[in-house]
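[1] Attaching a predicted model along with its sequence, questions to come.
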Amino acid sequence: MAMDSAKLILGGKEFELPVTTGSEGEIGLGIKSLRAETGAITLDSGYANTGSCESAITFIDGEKGIMRYRGYSIEDLCEHAIFPEVCYLLVFGSLPSTEELETFVHDLTHHSLIHEDMKKFFEGYPPNAPPMSVLSTIAASLSAYYPVNDDPAISELNIIRLLAKLKTIAAFAYKKSIGQAYVYPRNDLSYAGDFLHMMFAVPSEDYELDPLIERTLDLLLILHADHEQNCSTATVRMVGSSDANLFSSISAGISALSGHLHGGANVAVIKMLNMIREDGGNIRKYMEMAKDKSSNFRLMGFGHRVYKNFDPRANVIKSANDRILSELGTEDPLLDIAKELERMALEDEYFVSRKLYPNVDFYSGLLYRAMGIPTNMFTVMFALGRLPGWIAQWIEMKNDPRKRIYRPRQIYTGSLSRPVVPLADR
Ligand code: ACO
């Protein structure tokens, strides 16, 4: 049935709302002129059911467990593409040809150095500065080093610069946090390989890159590359809508991601597994606590706002997980707890009836641990993965002819008008 308009009845009067239908049949009710016509606004705390844009980048069907970048399923991309191809796909809209990929990878490697003066910034931070704080501030300061304007060539160069340099900044932030010498980027390594080398190489030893770890990192970056209008992506669009430059907009996205309700969930999974272990490994006790509403405890890594069937990213990681961990020879006591917890939860009526399945974060932390990535870098890894998605969404927002500065409304619930009583009389 064609749905090209909807009717709203307010105060006995009828108003027509235009309907926009997406390519996958999603329906949006247009309320742009609602306030002018009726004086009313829509109220939707957390924007849980509010579309802020039309987008051709990522499609998610949470009920069916579908996620696609530009029409390609996440499973297909994980099997057949490398992270730079996915970056190209998200940012430029199509998969690259061999020549296009060669040029893109060449550009990504040849722009990975940061301005030598920027090293002084790292020196100014306290020794144990959280790498996420360092990442967001130094990303913002890139706009002080590289010109930002509307020249398309400069804008494209800045996109390459950001994609190339953020991994250098991330690795330097880690080296700073452990007090080791910075390792410079190398142009002969892959995107993932170069990052691992900058993280783990030390001047006194040869660092041998493990191809399995390199491919695993590439996979994790692909899985996190975009997720439509989540908190950090909406932040990037919102900041960019004021005409703030790319670097500042992305820095704001990194800050939004840093919260434990967003990018920090895999850290919370590891903390939870550690807590269970230190408490004698009594998994049943924590399962019961998670079901008890008065305990305020939830099984971290279970459930998702959008995916109510399964998280397709979790399925990809889960199937890679066992193979990779056994090939890496990982012996992690947290892994056994995680497996048993998952088995028990998937058989438990409470979790089954509420459609609470393991999400991507249930597995990603365990993989990062097996790869030697420290817990304080997990959210930074998420930011590196999400970067091409943020950039693609920022470009789409900039190029939208209907774009307006993001400016939500509110329903005021404060005091009515009152006079200021002079200080002496209060
Ligand atoms: N453990 C125990 N109970 C849970 C859990 C959980 N992890 N998640 C949801 N529930 C319960 C709720 O208590 C509620 O129960 P009720 O119907 O009896 O009141 C029901 O399941 C529905 O929960 P909501 O909070 O309404 O689900 P929502 O979709 O709003 O929340 C969220 C999704 C935030 C992810 C939630 O499942 C959660 O807190 N999970 C743990 C944190 C986590 O893993 N976050 C990472 C998400 S993935 C990502 O961000 C990349």
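    Good, I have the coordinates.

[2] How about residues contacting stretch 151-160?
    By CB atoms under 8 Å, 6 or more residues apart in numbering, the residues outside stretch 151-160 that reach it are 91, 107-108, 111, 146-149, 245-247, 391, 395. Using the backbone N, CA and C atoms, a C-beta is placed for each residue, glycine as well.

[3] What of stretch 74-94?
    For stretch 74-94, the surrounding residues in contact (CB under 8 Å, 6+ apart) are 56-57, 67-70, 72, 95-96, 100-101, 104-105, 108, 159, 163, 190-192, 218-219, 221-223, 225-226, 312-313, 315-316, 385, 387-389, 391-392, 395.

[4] Recalculate using a threshold of 6 Å.
    67, 69-70, 95-96, 104-105, 163, 191, 218-219, 221-222, 225-226, 312, 316, 388-389, 391-392 (CB atoms under 6 Å, 6 or more residues apart in numbering).

[5] Report the backbone C-alpha coordinates of that stretch in PDB.
    Presented in PDB, the C-alpha positions along stretch 74-94 are these (Å, rounded to 0.1, in the frame of the first residue of the first chain):
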ATOM      1  CA  ILE A  74      29.100  -6.800   6.600                       C
ATOM      2  CA  GLU A  75      29.700 -10.500   6.300                       C
ATOM      3  CA  ASP A  76      30.600 -10.200   2.600                       C
ATOM      4  CA  LEU A  77      32.900  -7.200   3.200                       C
ATOM      5  CA  CYS A  78      34.700  -9.000   6.100                       C
ATOM      6  CA  GLU A  79      35.400 -12.000   3.900                       C
ATOM      7  CA  HIS A  80      36.400 -10.200   0.700                       C
ATOM      8  CA  ALA A  81      37.800  -6.700   1.600                       C
ATOM      9  CA  ILE A  82      40.500  -5.100   3.500                       C
ATOM     10  CA  PHE A  83      40.000  -2.100   5.800                       C
ATOM     11  CA  PRO A  84      41.400   0.500   3.300                       C
ATOM     12  CA  GLU A  85      38.900  -0.800   0.700                       C
ATOM     13  CA  VAL A  86      36.100  -0.300   3.200                       C
ATOM     14  CA  CYS A  87      37.300   3.200   4.000                       C
ATOM     15  CA  TYR A  88      37.300   4.000   0.300                       C
ATOM     16  CA  LEU A  89      33.800   2.500  -0.100                       C
ATOM     17  CA  LEU A  90      32.400   4.500   2.800                       C
ATOM     18  CA  VAL A  91      34.100   7.800   1.900                       C
ATOM     19  CA  PHE A  92      33.800   7.800  -1.900                       C
ATOM     20  CA  GLY A  93      30.600   5.600  -2.300                       C
ATOM     21  CA  SER A  94      31.900   2.700  -4.300                       C
END
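
[6] If we go by neighbour counts, what in stretch 397-409 is buried?
    Met397, Lys398, Tyr406 (16 or more other CB atoms under 10 Å).

[7] which one's the longest strand in the protein?
    Secondary structure assigned by DSSP state E gives strand 13-21 as the longest strand of the chain.

[8] what packs against whichever helix or strand comes after it?
    Going down the chain from strand 13-21, the next helix or strand is strand 27-29, by DSSP states H and E. Counting contacts by 3 or more CB pairs under 6 Å, 6 or more residues apart in numbering; DSSP states H and E, strand 27-29 packs against strand 13-21.

[9] Note down every partner strand of the strand it packs on and its orientation.
    Taking DSSP bridges as the criterion, strand 13-21 pairs within the sheet with strand 5-10 (antiparallel), strand 27-29 (antiparallel).

[10] want to try a markdown table for those, with distance to Ser255 and mean pLDDT as columns?
    Listed next are those as a markdown table, based on distance: least, CB to CB, whole Å; pLDDT from 0 to 100:
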| stretch | distance to Ser255 | mean pLDDT |
| --- | --- | --- |
| strand 5-10 | 37 | 92 |
| strand 27-29 | 29 | 96 |
